[in-house]
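Engineer: what follows is a predicted protein model with its sequence.
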Amino acid sequence: MSEPVDFASMRDRWRHDPAAFVDDGAVKDSETGEKFVLNWSQRQFLEHAFRTDEAGRLNYSELVYSAPKKSGKTAFAAMFTLYTVLVLGGRYAEGIVVANDLEQSVGRVFAAVRRMVELIPWLRNAANITEKKITFPEIGASITAIASDYAGAAGSNANIAVFDELWGYTSERSRRLWDEMIPPPTRRIACRLTTTYAGFDGESTLLWDLYRRGSQQPLVGRDLYAGNGLLMAWHHQPVAPWQTPEWIEQMRGQMRPNAFLRMIENRFVSSESAFVDLDWWDACVDPQATQAFADKNLPVWVGVDASVKHDSTAIVAVTWDKKANKVRLVSHRIFQPSANQPLDFERCVEGTVRQLSDHFRVQAVYFDPYQMTAVAQRLSASGIPMREYPQTMDRLTALGSNLYDLIKGGDLVVYPDDAIRLAVSRAVALETSRGWKITKEKTAHKIDVVVSLAMAALGCVREGQYMPTLVGPIIMIGGQQVCGPDMGTAGVQSGDLVWEYPTPDYYGERAKQICKENGWPPPAQLTDGGQQAKLRRIIDNELPPPRKVPRRPATAAERHAMAEMGRAMSAAHGGGEYPDLQPGVGFSRFDHPGWS
């Protein structure tokens with residue numbers, strides 16, 4: 001029935017049978033535009049929701065409909081709102097749809113209501129639709145969208161107030177709004193509808209109180225509780241026909257365990273859970289892999305998580321393994337400052353990043369600007385690509401999700417290292433209503449190397465798969481590269497002083513002594529990846545700090561080579577050095593064929 005001829009007579013029929021409002025085609029599905037089809041759970045809820053007492057008042061003014069994610073709750077709430085306002089509310093009926101703390105002033109339910117009205121000609125012709133309000137002038141009714149911090153809700157006289165995903169109502173202002181939107185006693189038809197899935201223990205307190213109250217009422221149907229003015233449907237099993245066993249298993253494989261329990265099984269969960277299964281991490285370990293010392297042809301992405309006094313500081317470098325299509329751990333360093341011995345940023349952090357830049361082709365260094373601004377400015381001035389990564393919740397969720405997927409999917413390759421494994425085992429995923437982040441359960445636990453790895457891996461995944469291939473001339477003088485595609489015009493740096501880094505000797509007398517003390521074979525005969533990694537870590541940690549020394553003057557041949565390279569660059573693209581990771585024509589880069 002797309003255009004009822006006599007709405008008044010149809011409304012009388014719909015008053016006695018709420019499901020008929022849908023079955024007769026009064027509304028359409030807001031997502032598909034097809035006829036709205038009720039599932040068994042929604043029919044059961046409608047059968048009880050609008051029962052009245054002898055005075056014509058609703059038996060249940062508090063209504064809760066909770067089901068797993070993707071159950072059609074938003075569309076059901078929109079249909080429920082239209083039915084209440086147009087069929088039961090009478091003249092000057094009023095509906096209010098509240099956006100939760102995670103949305104703007106117009107939430108998903110109001111958007112669905114507006115879409116339903118636009119899809120039915122007789123409704124569209126009878127309505128005036130604006131961004132935040134739908135009015136029906138003939139009967140003086142309205143449906144309004146408000147934000148969760150709406151200060152003018154006091155004194156509301158709505159027939160229905162709708163709260164969607166109540167687990168996300170965590171602020172004090174949203175709690176006050178909830179209290180303001182209590183169904184008014186002046187209307188016989190007045191209710192508050194909540195559609196949601198479960199929330200977090202200790203955080204979603206508003207929803208938890210409502211759930212606890214509802215579950216104490218008698219069962220009147222399948223997963224349906226009713227009593228003391230409250231009707232609550234709380235389903236742990238799928239209710240929609242498209243939620244097949246195959247879809248459930250797909251969600252189980254794609255979601256973190258706590259997220260699956262909360263969103264798919266509709267159960268309250270702790271906001272903290274283990275970041276990853278340690279067996280997943282162990283599956284990523286290549287026993288034969290070791291830290292790389294230097295490879296100027298190897299592009300790496302670096303993550304830095306720094307602390308001055310209390311927490312550890314970690315620097316991690318990764319690369320994209322094109323053959324395996326995986327992220328590969330290249331190198332890492334961990335520094336542990338103390339209150340008495342704060343971290344020397346210039347020597348430890350700045351020095352290590354410069355060393356990585358000298359030994360590898362650094363594509364980007366990701367860092368939190370909170371502690372790193374001065375260091376980042378100096379490194380950036382010397383030509384190292386520094387990328388700020390502020391620790392906002394959306395960014396933390398992105399880097400945590402990326403590392404989680406890499407580890408779970410086996411798309412990360414790491415060398416054996418006890419310190420990193422310990423940090424991974426101590427990392428937990430902390431979920432909030434606005435996202436989740438990697439954190440630690442105890443203050444004493446050190447997980448900075450996990451955060452650094454997450455930052456580096458995110459940059460690598462975003463950029464490493466599409467890296468251009470380097471080509472072009474390489475000039476060698478005296479057995480050393482003077483300039484070439486990985487150096488550009490910055491091959492000979494300016495300034496009177498340069499950093500000099502000590503070179504580790506993994507096969508010398510000290511290495512032999514370490515092997516003997518640990519009962520290992522001589523360094524040249526080591527085949528155990530864990531032993532190799534431990535030997536390198538000991539040698540690296542015993543190295544003296546880098547120091548600044550007077551720059552060696554460039555020879556005449558080196559100056560000539562640099563001048564020739566500069567002329568080649570100028571002829572190729574007007575004198576500007578080719579920007580990293582940008583499509584175009586340059587003297588030394590060949591664009592990836594997938595770029596446009």
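Structural biologist: Received the coordinates, thanks.
Engineer: tell me how the protein divides into domains.
Structural biologist: 7-246, 278-467, 468-500+548-596, 503-543 (automatic domain parsing).
Engineer: export those domains to TSV and append columns for mean neighbour count and distance to M255.
Structural biologist: Yep, even glycine has a C-beta here, placed from its N, CA and C like the rest. Below are these laid out as TSV (neighbours: other Cβ atoms under 10 Å; distance: least, Cβ to Cβ, whole Å):
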stretch	mean neighbour count	distance to M255
domain 7-246	18	10
domain 278-467	19	10
domain 468-500+548-596	14	30
domain 503-543	15	32
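Engineer: who wins for proximity to N258 among those domains?
Structural biologist: Closest to N258 of those is domain 278-467 (Cβ to Cβ; 6.7 Å).
Engineer: which stretches of the stretch 301-450 of the chain form helices?
Structural biologist: For the stretch 301-450 of the chain, helices defined by DSSP state H, counting those that start in this stretch occupy the ranges 351-359, 369-381, 393-408, 418-426, 448-463.
Engineer: lowest average confidence, helix or strand, in the chain?
Structural biologist: strand 589-590 (a mean of 38; mean pLDDT, DSSP states H and E).
Engineer: a markdown table for the domains of the chain, including distance to R267?
Structural biologist: Conversion of the domains of the chain to a markdown table gives the following (distance: least, Cβ to Cβ, whole Å):
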| stretch | distance to R267 |
| --- | --- |
| domain 7-246 | 5 |
| domain 278-467 | 13 |
| domain 468-500+548-596 | 43 |
| domain 503-543 | 40 |
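Engineer: next, give phi and psi for P522.
Structural biologist: Backbone geometry at P522, expressed as degrees, to the nearest 10, gives phi -60, psi 160.
Engineer: my bad, should have said A283
Structural biologist: Torsion angles, degrees, to the nearest 10, at A283: phi -70, psi -20.
Engineer: which stretches of the stretch 1-150 of the chain have low pLDDT?
Structural biologist: Along the stretch 1-150 of the chain, segments meeting pLDDT under 70 span 1-8, 100-106, 149-150.
Engineer: stretch 175-194: end-to-end distance?
Structural biologist: By Cα to Cα, to the nearest Å, the extent of stretch 175-194 from end to end equals 14 Å.
Engineer: tell me the mean pLDDT for it?
Structural biologist: Across stretch 175-194, the average pLDDT comes to 91.
Engineer: stretch 312-323 too?
Structural biologist: 90.
Engineer: chain center to that stretch, what's the gap?
Structural biologist: 20 Å (Cα atoms, centre = their mean, to the nearest Å).
Engineer: can you check stretch 414-424 too?
Structural biologist: 24 Å.
Engineer: quick one: contacts of that stretch?
Structural biologist: Applying Cβ atoms under 8 Å, 6 or more residues apart in numbering, the external contacts of stretch 414-424 come out as 275-276, 278, 281-282, 284-287, 289-291, 328-329, 332, 334, 445-450, 453, 529-530, 533-534, 537.
Engineer: so which of those residues belong to strands?
Structural biologist: 328-329, 332, 334 (DSSP state E).
Engineer: quick one, what contacts K35?
Structural biologist: Shown in contact with K35 (Cβ under 8 Å, 6+ apart): 25, 28-29.
Engineer: distance of it from R43?
Structural biologist: 15 Å (Cβ to Cβ, to the nearest Å).
Engineer: what's the answer for T81, then?
Structural biologist: Taking Cβ to Cβ as the measure, T81 falls 18 Å from R43.
Engineer: ok, now V239?
Structural biologist: To R43, V239 is 11 Å away according to Cβ to Cβ.
Engineer: again with D179
Structural biologist: Separation of D179 from R43 (Cβ to Cβ): 32 Å.
Engineer: how about L399?
Structural biologist: 44 Å.
Engineer: do K73 as well
Structural biologist: With Cβ to Cβ as the criterion, K73 and R43 are 15 Å apart.
Engineer: buried stuff in the host helix or strand of E246?
Structural biologist: For E246, the element it lies in under DSSP states H and E is helix 245-254. Within helix 245-254, the residues scored as buried using 16 or more other Cβ atoms under 10 Å are 248, 251.
Engineer: check what contacts that helix and list those residues.
Structural biologist: Contacts for helix 245-254 (Cβ under 8 Å, 6+ apart): 238, 260, 263-264.
Engineer: so which of those sit within strands?
Structural biologist: Short answer: these have none in strands (DSSP E).
Engineer: quick check: the two most widely separated of those?
Structural biologist: Largest pairwise distance in those, by Cβ to Cβ, is 13.0 Å, between P238 and F260.
Engineer: shaky segments in the stretch 201-350 of the chain?
Structural biologist: For the stretch 201-350 of the chain, applying pLDDT under 70 flags the ranges 271-272, 308-311, 338-343.
Engineer: give me the most central residue, the protein.
Structural biologist: T397 (2.8 Å; Cα atoms, centre = their mean).
Engineer: so that one versus L88, what's the distance?
Structural biologist: Taking Cβ to Cβ, one finds T397 at 42 Å from L88.
Engineer: and A324, by the same measure?
Structural biologist: Counting by Cβ to Cβ, the separation of A324 from L88 is 62 Å.
Engineer: repeat that for Q254.
Structural biologist: Applying Cβ to Cβ to Q254 and L88 gives a distance of 41 Å.
Engineer: ok, now K323?
Structural biologist: Taking Cβ to Cβ, one finds K323 at 66 Å from L88.
Engineer: returning to what we had before: quick one: pLDDT of the residue nearest to the centre of the chain?
Structural biologist: So, for T397, pLDDT stands at 84.
Engineer: then the one 5 residues further on?
Structural biologist: For N402, the model assigns a pLDDT of 89.
Engineer: tell me the contacts of the closest residue in space to it that isn't next to it in sequence?
Structural biologist: Residue nearest to N402 in three dimensions, not counting chain neighbours: L458, with 4.8 Å by Cβ to Cβ, 6 or more residues apart in numbering. With contact taken as Cβ under 8 Å, 6+ apart, L458 is in contact with 366, 398-399, 402-403.
Engineer: pull the contacting residues for the nearest residue to D277 once chain neighbours are set aside.
Structural biologist: The shortest distance from D277 to any non-neighbouring residue, by Cβ to Cβ, 6+ apart, is to K408 (7.8 Å). Residues in contact with K408 (Cβ under 8 Å, 6+ apart) are 276-277, 280.
Engineer: looking at those residues, which are in helices?
Structural biologist: Using DSSP state H, the subset of the contacts of K408 located in helices is W280.
Engineer: closest to V162 among the contacts of K408?
Structural biologist: Nearest to V162 among the contacts of K408: V276, at 37.9 Å, using Cβ to Cβ.
Engineer: contact partners for that closest one?
Structural biologist: Per Cβ under 8 Å, 6+ apart, neighbours of V276: 404, 407-408, 424, 427.
Engineer: over to E118?
Structural biologist: Each residue near E118 by Cβ under 8 Å, 6+ apart is listed here: 124, 129.
Engineer: which secondary structure state is assigned to it?
Structural biologist: Per DSSP: H, G, I helix; E, B strand; the rest coil, the local secondary structure of E118 is helix.
Engineer: that one and S30, how far apart?
Structural biologist: As defined by Cβ to Cβ, E118 lies at a distance of 9 Å from S30.
Engineer: quick check: H235 touching A67?
Structural biologist: Yes: look at H235 against A67 with Cβ atoms under 8 Å: they come within range, at 4.4 Å.
Engineer: overlap of the contact sets of these two?
Structural biologist: Taking Cβ under 8 Å, 6+ apart as the contact rule, H235 and A67 both touch 41, 266.
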